[in-house]
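S.K.: Sharing a model prediction with you, sequence too.
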Amino acid sequence: MSATPPGGARIHAPATRFTPPLTVEERRVVSFDGTDIAYHLVGEGPPILLANGLGGSWRAWTHQLRHFSDRYRFVSWDQRGLYRSGAPPDRGALDVPAQARDALAVLDAEGLDQVAIWGWSMGVQVALELWRRAPERIASIVLINGVAGKPWSTLANVPKVGLLAPYVLSTLRRMPLLVSSVTQRAVAFKGTPQWAMRLGLASRTLDVAIFEELAGSFGGLDMGIYVHTLEQIGEHDAHDVLPTVRVPLLMLAGGRDLMTPRSAAERIAREVPGAEMLVVPGGTHYLAVEYPELVSLRIERFLRDRGYPPRGESRRRSSRPPPFGGAR
C-alpha cells in the first residue's frame with residue numbers, strides 16, 4: 001500500500017460573496033486490491049473522515065467544510081471507479097465492504113489511528129460497515145440521509161418499489177451507453193434543480209449552485225460501475241451492527257426524504273444505544289445543502305457535548321439523557 005507524499009494536487013473551491021476560498025488537497029493511495037483511490041484533505045484539527053454518497057464527492061459537504069475546517073481536519077475519498085478514483089482490477093469488487101476497506105487504506109496512508117466519521121446516503125452504510133470491521137478506529141459517528149442496509153426495501157416507503165429495483169438496475173447495467181447518454185442530457189439541462197424541487201426530490205431551500213455542480217460531475221462517470229455499485233448497495237445490510245455501536249452517534253434525517261425515509265433513520269437512532277436524532281421536516285435527501293447552517297450547528301453541538309471537541313477545546317460530556325435510551 002502506498003500513498004502520494006504531502007504536497008499533492010490542490011483543488012480550489014471558489015469564494016462566494018460571503019465565504020473565503022476553500023483549498024482542498026488531493027492525494028492518492030493504492031488500496032488492498034490494487035485499486036487507485038483518490039482522497040482529499042482540508043482543514044486543521046481533530047480528524048473527520050467523510051464517507052460520501054454516490055450523489056457526489058467531497059463537494060457535497062462544501063458548507064460543512066467551510067463551517068468546520070478552521071477547527072477540524074477533513075479526509076474524504078472518492079468511491080472506487082468513480083470521480084477521481086480508478087476502477088478496481090475486478091470490476092465486480094464494488095460492494096460496501098470493499099468501500100470500507102478503501103477507507104481504511106486512506107486512514108493508514110495518513111497515519112490516522114482514530115477519527116470521527118460522517119456518512120451521507122450510501123456513506124451511512126459504509127460508515128456502519130467500517131464500524132463492523134474496525135471499531136477501534138472510530139471515535140464518533142454522524143449519519144445523514146441514510147439507512148443501515150437494504151435501501152430498496154424502504155425506498156419511498158413503498159416496499160413493492162424495492163422489489164423492482166434489483167431487476168431495473170440489472171437491466172440498466174447491461175446498457176451503460178444508453179444510461180450515460182440519458183444522464184448527460186439530464187445534467188446538461190439547466191432546469192434540473194427546479195424540476196427536482198417541483199417533484200419533491202429537493203427542498204426549495206436547496207443550494208442550486210452546489211446541486212448543479214454535483215449533477216454536472218455525473219456526466220463523466222462510468223455508468224456501468226455506477227449502476228453496479230447501486231446494485232451492491234442494495235444487497236448490503238448492517239442492521240446487525242447497530243446494537244454494537246458504543247460511540248456517540250447523531251442521526252440527521254429529512255422529513256420529506258423519499259430515497260432514505262425518516263422511518264429508516266429512526267430505526268438507526270432507536271437501535272444504537274444512546275443515539276441522538278434530528279429530523280428536519282422540510283428536508284429531503286440533500287439536507288446538507290438545503291439547511292446547511294442548521295445541520296452544521298447541530299453537528300457542532302453534538303461534537304462538543306459528546307466528546308469530540310474542536311482543536312483547542314478540552315473534552316467534556318453532556319449530562320443530558322440520551323433521547324432514545326441506552327448507554328452513552
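M.R.: That came through, no problem. As the structure is a prediction and not an experimental result, all values here were calculated from the model.

S.K.: which stretches of the protein have low pLDDT?
M.R.: Within the chain, the segments meeting pLDDT under 70 span 1-21, 184, 187-189, 314-328.

S.K.: mind listing the strands in it by residue range?
M.R.: Along the chain, the segments classed as strands by DSSP state E run 9-13, 22-30, 36-43, 47-51, 73-77, 115-120, 138-144, 249-254, 276-280.

S.K.: will you turn those strands into CSV that also has distance to Arg101?
M.R.: For the C-beta atoms, the positions are set from N, CA and C on the backbone; glycine is no exception. Formatted as CSV, these follow (distance: least, Cβ to Cβ, whole Å):
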stretch, distance to Arg101
strand 9-13, 24
strand 22-30, 11
strand 36-43, 10
strand 47-51, 13
strand 73-77, 11
strand 115-120, 14
strand 138-144, 15
strand 249-254, 22
strand 276-280, 29
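
S.K.: Nearest to Leu201, out of these?
M.R.: Judged by Cβ to Cβ, the one of the strands of the chain that comes nearest to Leu201 is strand 249-254, at 10.8 Å.

S.K.: Can you name the residues that contact Gly119?
M.R.: By Cβ atoms under 8 Å, 6 or more residues apart in numbering, the residues touching Gly119 are 50-51, 125-128, 141-144, 146.

S.K.: just Tyr308 next, same as before
M.R.: 46, 116, 139-140, 248, 315.

S.K.: swap the cut-off to 6 Å and go again
M.R.: 116, 139-140 (Cβ atoms under 6 Å, 6 or more residues apart in numbering).

S.K.: For the residues you listed, which single residue is the most surrounded?
M.R.: Within the contacts of Tyr308, most neighbours by other Cβ atoms under 10 Å means Ala116, with 24 neighbours.

S.K.: thinking again about what came up before, ok, which of the strands of the chain comes nearest Ala93?
M.R.: Set against Ala93 and scored by Cβ to Cβ, these come closest in strand 36-43, at 12.4 Å.

S.K.: List the contacts of Ala139.
M.R.: Contacts for Ala139 (Cβ under 6 Å, 6+ apart) come out as 114, 116, 308.

S.K.: Quick check: closest non-adjacent residue to Pro281.
M.R.: Nearest non-adjacent residue to Pro281, counting by Cβ to Cβ, 6 or more residues apart in numbering: Gly255, 4.0 Å away.

S.K.: Specify the beta-bridge partners of Ala38.
M.R.: Going by DSSP bridges, Ala38 is paired in beta bridges with Arg28.

S.K.: Can you show me the helices along the stretch 151-300 of the chain?
M.R.: Per DSSP state H, counting those that start in this stretch, the stretch 151-300 of the chain carries helices over the ranges 159-173, 176-188, 192-198, 208-217, 223-235, 262-271, 287-290, 292-305.

S.K.: re the thing from before, my read: the residue nearest to Pro281 touches Met277, true?
M.R.: No. Applying Cβ atoms under 6 Å as the test, Gly255 and Met277 come out as separate, 11.9 Å apart.

S.K.: between those two, who's got more neighbours?
M.R.: Met277 (19 against 15).

S.K.: I'd like the distance from that one to Gln64, if you could.
M.R.: Going from Met277 to Gln64 by Cβ to Cβ, to the nearest Å gives 18 Å.
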